[in-house]
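Novice: whatever this is, show me its structure:
(chains A and B, ligands or ions: 3)
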Amino acid sequence: MPAVERPLIYANLRQPGYTVDIDCYLRHGGYDALKKAVAMKPEDVCKEVETSGLRGRGGAGFPTGMKWKFLDRKSGKPAYLVVNADESEPGTYKDRQIIYKDPHQMLEGIAITAWAIQAKQAFIYIRGEFQHGAKILERAIVEAKAKNFLGQNILGSNYSCEVVVHRGGGCYVCGEETGLIESLEGKRGYPRIKPPYFPAVLGLYNCPTIVNNAETMAQVKHVLAFGGAEFAKIGIPGDSGTHIWGVSGLVKRPGLYEIEAGKATFGELLYDLCGGPLDGRKFKAIIPGGSSTKILKFGERFKGKLPNGTEFDWALEDIPLDSNSIAACGTGLGTGGTIALDDSVEMIQALSNLNAFYAHETCGQCTPCREGSLWLSRVSKRITTGGGMETDVPLLLDIANQVAGRTICAHGEAVAWPVQSAVPKFKDEYLESIRRRQRGEEVNGLRLI
Amino acid sequence: MSLKPATLSQADAIIGQYPHKRSATMPLLHLVQEDRGYINDADMAWVAEKVGVTPMQVLEVVTFYPMFRREPIGRRHIRVCRTLSCALRGSYALMASLEKSLNCKRGETSADGNFTIEFVECIADCGCGPVVQVDHAMHENVTPDKAEAFAAKIRTSLTDTNYGKTAPQPGTPEWNG
Ligand SMILES: Cc1cc2nc3c(=O)[nH]c(=O)nc-3n(C[C@H](O)[C@H](O)[C@H](O)COP(=O)(O)O)c2cc1C
Ligand code: SF4
Ligand code: FES
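Specialist: Ligands and ions are numbered 1, 2, ... in the order given. Presented below is the predicted three-dimensional model:
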């Protein structure tokens, strides 16, 4: 059966004539879920989200209800809600659509979440390059306040919440939640050490803070609209709701496809929805969930056991699009930003392109990440420019192995994983790239670095 | 050159949005940069005083974030995404063509002061690559074959007196910027 989409988050914004103003949103049932939430006790709203099984959409897939439970309510300090709209993981462009085309959907989720955790102040940390996006959100906040969905005494209650849009400055590491918090405090975005700085306990201004992704906020709106138990029926047990697959790179129809969790496979996504590879090309690999997730190679077999005990033996095309299945294949669903590579791509150039990204984005606090990312970038680049040696291939792996697990934040893993996953799978091709240049052969085709 | 009165008068409202003044550091820096085009030492001293930190602490912030500039740039700021999704769609070839058409090397400002061209990292529009942000506007699917026409459009915009002044309409590069 060919894959079908099930737009939930994108249902409205895809309709022709749908606009960002609050009247349009209200005509589409907007803020009804907030009304429902405010009529409930905050702890019951938290329970709905827990029942829903919703997992965060920022990349790590952490259960949202559980995160909210960790919020330190005993300290007596004010709680903050921080919405991560930094969208900076390469290959990821799903939150942009919500911000630019349906800002009220996200704001409604923010209002519901703020009520649930009783935060009186929320911040939307939006990447600095989204200049107009920030303005769209600011305008939407003014509209929502005018209708009493945000601001003072929301919907006639004695609960108030202000939302402020805060623009970043073009740093990937400020998408990491503690780097984001430092940045929001007016400092360099240096990630903090956990423990003790778990945001739910010592977050913004050392107060209990919930950091959630922009799309997670939009999903929360639907959790309330459906009710937790009904929402849990969308998708599969352990991964509820829809995933937005943002496919980019070398496919016929790059784009955003919203699919019920687990209800299609990579093959269906890439062939049915994206139209397959470009004419005359063959798929070679995908990076499934943003550039930091481990690469999958076409032709590989994936064998193992799912958490529920089911054994599987899949080709890449057979892997179901849910977080458990993808994790069982040794990578991650991440942000759903799938980058497709075909047989025209020289893999060492693709790796070098990503290595350059991480070398540019390391904040420099941890020696392994700072030095490792730079060396990975230099070594892979020297291969592409003809100065490589065969020993460079194991060297890449060796450097990556010394970064992962030895750093303050997960940027270290982001640096290491592309290399750790690609070197074993494409070693022969890398060696051939080195030898070809040693022989003085011309390297034609797409330049990626 | 000092900052515009409109810029100065917005500062207190911005600071007032935050429980702690220091959080207003980046918003004030954005404000200054939008006014002047870059951030100078006097601006940093002004921001420092406003948010109650030392000028050095503001400098630390300015130097950490790639978007903040300490030097003036060209009249058109052209940012080409170089990260993988866009590269797969030809951003390196696009960059080479733009450098030639606009007579300006990447990372530099053209001799006539008209253009600054840079490679930037992923700007979250990966499905429409290659993407190019020109000042306030986001241009999608700028494949290398369109480079010359694209460069010509940027050049023409130099004489457009309405440039950057019209309200963005949904679906346009200005809206997506
Ligand atoms: C280097 C790095 C960059 C990240 N960038 C983002 C980002 O741009 N947007 C985002 O939502 N989460 C990002 N994250 C994940 C956040 O740290 C955090 O897990 C997430 O915002 C939590 O939201 P969720 O629970 O709703 O998924 C990043 C993590 C790391 C390590
Ligand atoms: S892992 Fe890298 S990005 Fe994260 S804190 Fe350390 S140096 Fe900075
Ligand atoms: S890779 Fe160019 S916008 Fe993401």
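Novice: list the helices and strands the longest strand seen in chain A packs on?
Specialist: Looking across chain A with DSSP state E, the single longest strand is strand A:242-249. When contacts are defined as 3 or more CB pairs under 8 Å, 6 or more residues apart in numbering or on different chains; DSSP states H and E, strand A:242-249 packs onto strand A:255-260, strand A:337-342, helix B:84-88. C-beta here means a position set from N, CA and C on the backbone, and glycine is covered the same way.
Novice: CA atoms of the last one as CSV?
Specialist: Output of helix B:84-88 as CSV, limited to C-alpha atoms (Å, rounded to 0.1, in the frame of the first residue of the first chain):
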residue,chain,number,x,y,z
LEU,B,84,24.9,19.5,2.9
SER,B,85,21.3,19.7,1.7
CYS,B,86,22.0,22.9,-0.3
ALA,B,87,25.4,21.7,-1.4
LEU,B,88,23.8,18.6,-2.9
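Novice: pull the residues that contact it.
Specialist: A:90-91, A:248-250, A:287, A:291, A:339, A:341, A:345, A:350, A:353-354, A:357, A:446-449, B:80, B:122, B:126-127, B:129-131 (CB atoms under 8 Å, 6 or more residues apart in numbering or on different chains).
Novice: now do the same contact list for residue A:431.
Specialist: Residue A:431 neighbours (CB under 8 Å, 6+ apart): A:390, A:393.
Novice: roughly how far does it sit from ligand 1?
Specialist: Remark: distance between residue A:431 and ligand 1 (CB to the nearest ligand atom, to the nearest Å) = 31 Å.
Novice: again with residue B:16
Specialist: With CB to the nearest ligand atom as the criterion, residue B:16 and ligand 1 are 27 Å apart.
Novice: okay, now that residue: neighbour count?
Specialist: 9 (other CB atoms under 10 Å in any protein chain shown).
Novice: quickly find the element holding the nearest residue to residue A:150 once chain neighbours are set aside.
Specialist: Closest residue in space to residue A:150, ignoring its immediate chain neighbours: residue A:144 at 4.4 Å, by CB to CB, 6 or more residues apart in numbering or on different chains. In the assignment (DSSP states H and E), residue A:144 maps to helix A:131-146.
Novice: so which helix or strand of chain B has the lowest pLDDT on average?
Specialist: Every helix and strand of chain B was ranked by mean pLDDT, DSSP states H and E. The lowest is helix B:5-16, at a mean of 94.
Novice: mind telling me what element residue A:406 is part of?
Specialist: Counting by DSSP H and E, residue A:406 is part of no helix or strand.
Novice: pLDDT score for the nearest residue to it once chain neighbours are set aside?
Specialist: Take residue A:406 and drop its neighbours on the chain: the residue closest to it by CB to CB, 6+ apart is residue A:368, 4.6 Å away. With respect to pLDDT, residue A:368 scores 98.
Novice: now do the contacts for the residue nearest the centre of chain B.
Specialist: For chain B, the residue nearest the mean C-alpha position is residue B:135 (5.3 Å; CA atoms, centre = their mean). Contacts for residue B:135 (CB under 8 Å, 6+ apart) come out as B:76, B:77, B:164, B:177.
Novice: tell me how many other residues crowd the last one.
Specialist: Put plainly, it is residue B:177. Counted with other CB under 10 Å, residue B:177 comes out at 21.
Novice: OK, contacts around it?
Specialist: A:131, A:132, B:133, B:135, B:136, B:137, B:138, B:168.
Novice: residues touching the residue nearest to residue A:406, list them.
Specialist: A:402, A:403, A:406, A:407, A:412.
Novice: so which helix or strand takes in it?
Specialist: Counting by DSSP H and E, residue A:368 is part of helix A:367-384.
Novice: need the helices and strands packed on strand A:242-249 in CSV (columns: distance to residue A:138, mean pLDDT and mean neighbour count).
Specialist: Shown next, in CSV, are the helices and strands packed on strand A:242-249 (distance: least, CB to CB, whole Å; pLDDT from 0 to 100; neighbours: other CB atoms under 10 Å in any protein chain shown):
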stretch, distance to residue A:138, mean pLDDT, mean neighbour count
strand A:255-260, 24, 98, 22
strand A:337-342, 26, 98, 28
helix B:84-88, 28, 98, 30
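Novice: in JSON lines: the ones you listed, plus distance to ligand 2.
Specialist: Below are the helices and strands packed on strand A:242-249 laid out as JSON lines (distance: least, CB to the nearest ligand atom, whole Å):
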{"stretch": "strand A:255-260", "distance to ligand 2": "28"}
{"stretch": "strand A:337-342", "distance to ligand 2": "19"}
{"stretch": "helix B:84-88", "distance to ligand 2": "19"}
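Novice: among these, which is nearest ligand 1?
Specialist: strand A:337-342 (10.5 Å; CB to the nearest ligand atom).
Novice: that closest one and chain B in contact?
Specialist: Yes: against chain B, strand A:337-342 shows contacts by CB under 8 Å from any CB of the partner chain at A:337, A:339, A:341.
Novice: can you check stretch A:420-430 too?
Specialist: No: judged by CB under 8 Å from any CB, stretch A:420-430 stays clear of chain B, getting no closer than 12.1 Å.
Novice: and residue A:370, how many residues sit next to it?
Specialist: Using other CB under 10 Å, residue A:370 has 18 other residues around it.
Novice: likewise the one 5 residues further on?
Specialist: One way to gauge burial is a neighbour count; for residue A:375, by other CB under 10 Å, it gives 19.
Novice: ok, back up a step: what about the contacts of helix B:84-88, which are in strands?
Specialist: Per DSSP E, those map to strands at A:248, A:249, A:287, A:339, A:341, B:80.
Novice: pull the contacting residues for the second one.
Specialist: It refers to residue A:249. A:91, A:338, A:339, A:340, A:341, B:84, B:85, B:88, B:89, B:126.
Novice: so it bridges to which residues?
Specialist: residue A:340 (DSSP bridges).
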